[in-house]
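In: Below: sequence and its predicted model.
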Amino acid sequence: MMKKLPTIIISRTFLLVKSFLLAFGISSFVGLPFKKVRDDLSFHGFDNDPIRFKILTKKKRVLANEEIEITVSAYYTAISPTLLYTFEGSNSFRLKILLPEGFIQTGGDYTDHCGTTLTNATPNAQYTLKGYFSRTGVKPQFYLLRGNSQADANSLFVVKDELTLEVRPAARPALEALDEPISHSSEPVVQQAARVAFADCSFDSSTPIIS
């Protein structure tokens, strides 16, 4: 049993060192390969957050002025300190969504800095955001940010997930009939159109067209 102790210590030390290097974005150390952590907004690398966040919607292609519903979900997993170090209070959070230009919120229970505390008894939380794009030609990308339990407008947030949609121009309404009197007439449509087109035209039948 005593002979296996150094191996266990080395293994745990290796994991701690690897966690430290990944947390600071170091891609390699003494020849050992590590996945490089991205330092831009699209951060999906390693972290020691016991909560996983997702931002989703049922439709990835939407029309301008079409209302959509976006769902934000949080999933808590209790992690043993011997496997991964987590900060005290990391099971509590506050959220913020960076909305794309042209997106108008119309409903849902999401508000800036909403949040809660997740535990083994209540491991999940969900929020909804309803709204529409008032125009096209914008970058329809949502960023889900996470802060601590005391986060406010002046706090630092971490990007946890993102959602990109495709916004298309709103469908044009069907063309109405030529005008109200014609649309309700029993006269055939072709004759209605001809009558309207030549309503202001007149000529003398006694006058030859070609002189």
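Out: Ah, there it is.
In: Tell me how the chain divides into domains.
Out: Domain assignment for the chain by automatic domain parsing gives 1-37, 40-168.
In: ok, of the ones you listed, where does mean pLDDT dip lowest?
Out: Note on these: lowest mean pLDDT is at domain 1-37, with a mean of 42.
In: And the spatially closest residue to residue 87 that is not a sequence neighbour, which helix or strand is it part of?
Out: Distances taken as C-beta to C-beta, 6 or more residues apart in numbering put residue 48 closest to residue 87, at 7.7 Å, once the chain neighbours are dropped. Every residue, glycine included, has its C-beta placed from N, CA and C. Taking DSSP states H and E as the definition, one finds residue 48 inside no helix or strand.
In: Settle this for me: residue 48 is touching residue 77, isn't it.
Out: No. Here residue 48 lies out of contact with residue 77, judged by C-beta atoms under 8 Å, at a distance of 11.5 Å.
In: Tell me which stretches of this structure form strands.
Out: 28-29, 32-33, 51-57, 61-63, 68-76, 92-98, 103-107, 115-117, 124-133, 141-147, 158-164, 166-168 (DSSP state E).
In: tell me which strands and helices the longest one is in contact with?
Out: If I follow you right, that is strand 124-133. strand 68-76, strand 103-107 (3 or more C-beta pairs under 8 Å, 6 or more residues apart in numbering; DSSP states H and E).
In: These: which one's closest to residue 123?
Out: For the helices and strands packed on strand 124-133, the distance to residue 123 is smallest for strand 68-76, at 4.3 Å, taking C-beta to C-beta.
In: What strands line up against the closest one, and which way round?
Out: Applying DSSP bridges, strand 68-76 is found paired with strand 51-57 (antiparallel), strand 124-133 (antiparallel).
In: Please produce TSV containing these, extended by mean neighbour count and distance to residue 148.
Out: Listed next are those as TSV, based on neighbours: other C-beta atoms under 10 Å; distance: least, C-beta to C-beta, whole Å:
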stretch	mean neighbour count	distance to residue 148
strand 51-57	16	11
strand 124-133	17	15
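In: Including distance to residue 140, could the ones you listed go into JSON lines?
Out: JSON lines is the format used below for the strands paired with strand 68-76 (distance: least, C-beta to C-beta, whole Å):
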{"stretch": "strand 51-57", "distance to residue 140": "11"}
{"stretch": "strand 124-133", "distance to residue 140": "6"}
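In: so which of those gets nearest residue 69?
Out: With C-beta to C-beta as the criterion, residue 69 lies closest to strand 124-133 of the strands paired with strand 68-76, at 5.1 Å.
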